[in-house]
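[1] Here you go, sequence then predicted model.
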Protein chains: 2
Amino acid sequence: MKKISDSTINRLSKYFRTLERLKAKHIETISSDEIAEIDGVTSAQVRKDLSFFGTFGKRGLGYNIEDLKNIIGKILGLNKQWNVGIIGVGNIGMALIDYAEFKKRGFQIKLLLDSDENKIGKHVKNLEIKSFSEAITHLKKENIQIVVIAVPASAAQNVADVVTSAGIGAVLNFAPLNLKTPDGVMVKNENMSIELEALSYFLTNK
Amino acid sequence: MKKISDSTINRLSKYFRTLERLKAKHIETISSDEIAEIDGVTSAQVRKDLSFFGTFGKRGLGYNIEDLKNIIGKILGLNKQWNVGIIGVGNIGMALIDYAEFKKRGFQIKLLLDSDENKIGKHVKNLEIKSFSEAITHLKKENIQIVVIAVPASAAQNVADVVTSAGIGAVLNFAPLNLKTPDGVMVKNENMSIELEALSYFLTNK
């Protein structure tokens, strides 16, 4: 498959949400112009993003919303269930456990790990916090596919080393540093400051 | 000024971080190829993103790292201090108060508001949680420029209505819904599921 850019994948996630909302309103078809308008991109961009994956829609009739939503969901792997482990049950970890959007998209939090003795053994939403010192055992037992790193920056590289040594190939990192990981491991960084910078850009240049 | 895409702005934030890290390593110059390699984009993309704002760098010599960092910082408005108010002191709000990256980038959290009587009056990091019922007074008194909405989805639209009526023009929204706001208000949505979807795409298509 052609190499698809991260931006294209992120936009597919946005289109998916737009289609989901339109479907909930019982709307049946939509044009690339309308998707573009709602998502704040150009219609050429919408068509280009979708063209990587095949030919959808009928000229002049637009896209069938349910079909396109299902196609994009399948491209993104949202038609499956993913087992997610959260490492670090601090404020960010707690916020993620409560985050309804994850479950809705098929991301099931199955494992909570921490290294704080005061937290280990406690329950959050029916999940017991287990010890990070036994990470490899727990990751395998729960068949975890995606790990979320929500520990302080000083501990994050060690966490990444341990989870990748256990065979984890996909990491969402909230710690503000670039993790070094073996080839074949995908790391996405969640930086909550990036969108604030888009706002300061807007305020500076408006 | 030409309309600059959100993706370009987000990439500038990434380049800024890359330049900052290189500067900390006392590296002085960098080519667009090298920036591209580190940030996972094409060098043509780097040059195009920068070209919107002028002509930088010398052919064959690349960019001076400190100069380019300062230029991008100024474009993004990171050379100023921004007063930020957080509405909703739950898990996400607490995580943001602790988020060192904000302060480092010039985003100063100056106001915490909540509507929970059990939280109002308590202190977090030397800031007293004030009542959301007096939002407009507090937003003006603290000269808040950017508001972070970290309340449940059911309360978020009301919060947006109140803060925009107080003249707030920039909102970072963590609630999973599209807010309706008056013309001229910029809303950025922070959706922590989007990057997980990029990971599920990777796991599905690798």
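    Cool, got the structure.
[2] residue contacts, A:L172?
    A:L172 makes contact with A:I146, A:V147, A:V148, A:I149, A:V187, A:K188, A:E190, B:E195, B:L196, B:L199 under the criterion Cβ atoms under 8 Å, 6 or more residues apart in numbering or on different chains. For glycine as for every other residue, the C-beta is placed from the backbone atoms N, C-alpha and C.
[3] could those be laid out in a markdown table, adding neighbour count and distance to A:E37?
    Written out in a markdown table, the entries for the contacts of A:L172 read as follows (neighbours: other Cβ atoms under 10 Å in any protein chain shown; distance: Cβ to Cβ, whole Å):
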| residue | neighbour count | distance to A:E37 |
| --- | --- | --- |
| A:I146 | 25 | 33 |
| A:V147 | 29 | 37 |
| A:V148 | 27 | 33 |
| A:I149 | 25 | 37 |
| A:V187 | 19 | 33 |
| A:K188 | 20 | 28 |
| A:E190 | 20 | 28 |
| B:E195 | 21 | 25 |
| B:L196 | 28 | 27 |
| B:L199 | 26 | 29 |
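[4] Reformat those as TSV; add secondary structure.
    Shown next, in TSV, are the contacts of A:L172 (DSSP: H, G, I helix; E, B strand; the rest coil):
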residue	secondary structure
A:I146	strand
A:V147	strand
A:V148	strand
A:I149	strand
A:V187	strand
A:K188	strand
A:E190	coil
B:E195	helix
B:L196	helix
B:L199	helix
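[5] Return the closest of those residues with respect to A:I97.
    Set against A:I97, the nearest of these by Cβ to Cβ is A:V148 (10.0 Å).
[6] so where is chain A shaky, pLDDT-wise?
    Judged by pLDDT under 70, chain A has its weakly predicted residues at A:1-2, A:57.
[7] Pull out the buried residues from stretch A:88-108.
    Burial within stretch A:88-108, assessed by neighbour count using 16 or more other Cβ atoms under 10 Å in any protein chain shown, is assigned to A:88-97, A:99, A:101-102, A:105-108.
[8] again, but for stretch A:175-195
    In stretch A:175-195, residues buried by neighbour count (16+ other Cβ under 10 Å) are A:175-176, A:179, A:181, A:185-195.
[9] How far off centre is it?
    12 Å (Cα atoms, centre = their mean, to the nearest Å).
[10] By residue count, tell me the biggest strand in chain A.
    Longest strand in chain A by number of residues (criterion: DSSP state E): strand A:107-114.
[11] Run through the neighbouring helices and strands of that one.
    Identification of packing neighbours for strand A:107-114 by 3 or more Cβ pairs under 8 Å, 6 or more residues apart in numbering or on different chains; DSSP states H and E yields strand A:82-87, helix A:91-97, helix A:100-104, strand A:127-131, helix A:135-141.
[12] With distance to chain B added, can I get the ones you listed in TSV?
    What follows is the helices and strands packed on strand A:107-114, written out as TSV (distance: least, Cβ to the nearest Cβ, whole Å):
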stretch	distance to chain B
strand A:82-87	6
helix A:91-97	4
helix A:100-104	4
strand A:127-131	15
helix A:135-141	15
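[13] mind checking which of these is nearest A:F56?
    For the helices and strands packed on strand A:107-114, proximity to A:F56 was assessed by Cβ to Cβ; helix A:100-104 is nearest, at 23.7 Å.
[14] Touching the closest one from outside, list them.
    A:V84, A:L96, A:Q108, A:I109, B:P176, B:N191, B:M192, B:S193, B:L196.
[15] let's see 6 Å
    Applying Cβ atoms under 6 Å, 6 or more residues apart in numbering or on different chains, the external contacts of helix A:100-104 come out as B:P176, B:S193.
[16] same deal with stretch A:27-39?
    A:K14, A:Y15, A:T18, A:T42, A:S43, A:V46, A:R47, A:G62, A:Y63, A:N64, A:I65.
[17] Closest one of those residues to A:N118?
    For these, with A:N118 as the reference and Cβ to Cβ as the criterion, the closest is A:K14, at 39.8 Å.
[18] Identify the residue nearest the closest one in space, chain neighbours excluded?
    Nearest residue to A:K14 in three dimensions, chain neighbours excluded: A:D39, at 5.0 Å (Cβ to Cβ, 6 or more residues apart in numbering or on different chains).
[19] Please apply the same query to A:L199.
    Spatial nearest neighbour of A:L199, excluding adjacent residues (Cβ to Cβ, 6+ apart): B:A170 at 4.1 Å.
[20] still on that earlier bit, including distance to A:H123, could the contacts of A:L172 go into CSV?
    Shown next, in CSV, are the contacts of A:L172 (distance: Cβ to Cβ, whole Å):
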residue, distance to A:H123
A:I146, 22
A:V147, 20
A:V148, 19
A:I149, 22
A:V187, 29
A:K188, 28
A:E190, 25
B:E195, 27
B:L196, 24
B:L199, 27
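[21] any idea how far the residue lying farthest from the centre of chain A lies from A:T29?
    Computed with Cα atoms, centre = their mean, the residue of chain A farthest from its C-alpha average is A:G60, at 33.3 Å. Look at A:G60 and A:T29: by Cβ to Cβ, to the nearest Å, they are 11 Å apart.
[22] excluding its backbone neighbours, what's nearest the most centrally placed residue in chain A?
    For chain A, the residue whose C-alpha lies nearest the mean C-alpha position (Cα atoms, centre = their mean) is A:L172; its distance is 7.6 Å. With Cβ to Cβ, 6+ apart as the measure, A:V148 is the residue that lies nearest to A:L172, at 4.7 Å, once sequence neighbours are left out.
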